[in-house]
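Engineer: Build me a structure from this.
(one chain, ligands or ions: 1)
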Amino acid sequence: MIEKVDHIGVAVNNIDDALKFYTEHLGMECKDVEEVPEQKVKVAFLPVGESKIELLEPSSDDSPVKKFLDKKGEGVHHIALHVDNIEKALADMKEKGVKLIDEEPRDGAHGAKIAFIHPKSTGGTLVELCQK
Ligand code: CMX
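Structural biologist: Now for the predicted structure:
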């Protein structure tokens with residue numbers, strides 16, 4: 001069911017400032033910057049092998065990522081796992097009593113279908129399932 005870590009989401013105040021560390025000091029490349037209006041975030045992707053680091057900047061004051069930054073500061077926001085069938089993965093987890101934030105997939109970056117699992121059921125980490 002889980003195929004790989006698709007990406008690790010890192011909340012930042014400003015993508016351009018945060019990119020300096022990854023590009024100048026780690027030599028990574030930013031492949032793409034995209035607005036995800038539905039979730040009020042701007043995202044930048046830095047590929048690492050089969051996975052990516054996803055920098056998340058709030059695109060408005062009422063963005064959930066702004067809420068996270070105000071509460072916890074910059075840092076790891078979520079882990080995204082790639083699944084081959086997101087609808088089935090969600091239905092299986094629902095049946096097992098896992099608390100889901102999204103019972104149905106919604107649109108993520110890069111045209112992916114994504115869904116979040118409630119941190120109460122994961123031991124505190126926000127976990128995203130995604131399917132491309
Ligand atoms: N880490 C740990 N806990 C988190 C969390 C995080 N990053 N974000 C939210 N939570 C907790 C909240 O504290 C809350 O806990 P309680 O129920 O105990 O109060 C719970 O999860 C639900 O959070 P909420 O904000 O009340 O619920 P919403 O349904 O309004 O939003 C969520 C949930 C995760 C979708 C939203 O907070 C969020 O982070 N949205 C942005 C998603 C994002 O990163 N999108 C990127 C899209 C690009 C892509 O990856 O494709």
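Engineer: count of neighbours near the closest residue to the ligand within the chain?
Structural biologist: Across the chain, the shortest distance to the ligand (C-beta to the nearest ligand atom) belongs to Gly108, at 2.7 Å. Placement of C-beta: from N, CA and C, glycine included. Neighbourhood size, Gly108 [other C-beta atoms under 10 Å]: 26.
Engineer: In this structure it contacts Val36, no?
Structural biologist: Yes. When contacts are counted by C-beta atoms under 8 Å, Gly108 is listed as touching Val36 (6.6 Å).
Engineer: how about the helices of this protein, start to end?
Structural biologist: Taking DSSP state H as the test, the helices found in the chain are 15-20, 64-72, 86-95.
Engineer: and the longest one, average pLDDT?
Structural biologist: Same thing as helix 86-95. Average pLDDT, helix 86-95: 97.
Engineer: Is the ligand within reach of that helix?
Structural biologist: No. Using C-beta under 6 Å from any ligand atom, helix 86-95 stays clear of the ligand, coming no nearer than 12.0 Å.
Engineer: cool, stretch 34-49 as well?
Structural biologist: Yes. Interface with the ligand: stretch 34-49 contributes 36, 39, 41, 43 (C-beta under 6 Å from any ligand atom).
Engineer: Could you export that stretch as PDB, CA atoms only?
Structural biologist: As requested, the backbone C-alpha atoms of stretch 34-49 are provided in PDB (Å, rounded to 0.1, in the frame of the first residue of the first chain):
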ATOM      1  CA  GLU A  34       3.500  26.400  -7.000                       C
ATOM      2  CA  GLU A  35       0.500  28.100  -5.400                       C
ATOM      3  CA  VAL A  36      -2.100  25.700  -3.900                       C
ATOM      4  CA  PRO A  37      -5.000  28.200  -3.400                       C
ATOM      5  CA  GLU A  38      -7.400  25.700  -1.900                       C
ATOM      6  CA  GLN A  39      -5.000  25.200   1.000                       C
ATOM      7  CA  LYS A  40      -3.700  28.800   1.100                       C
ATOM      8  CA  VAL A  41      -0.100  27.800   0.700                       C
ATOM      9  CA  LYS A  42       2.800  28.400  -1.700                       C
ATOM     10  CA  VAL A  43       5.000  25.400  -2.100                       C
ATOM     11  CA  ALA A  44       8.600  24.800  -3.300                       C
ATOM     12  CA  PHE A  45       9.800  21.300  -4.200                       C
ATOM     13  CA  LEU A  46      13.400  20.200  -3.800                       C
ATOM     14  CA  PRO A  47      13.900  16.600  -5.100                       C
ATOM     15  CA  VAL A  48      16.000  14.200  -3.000                       C
ATOM     16  CA  GLY A  49      16.300  10.800  -4.800                       C
END
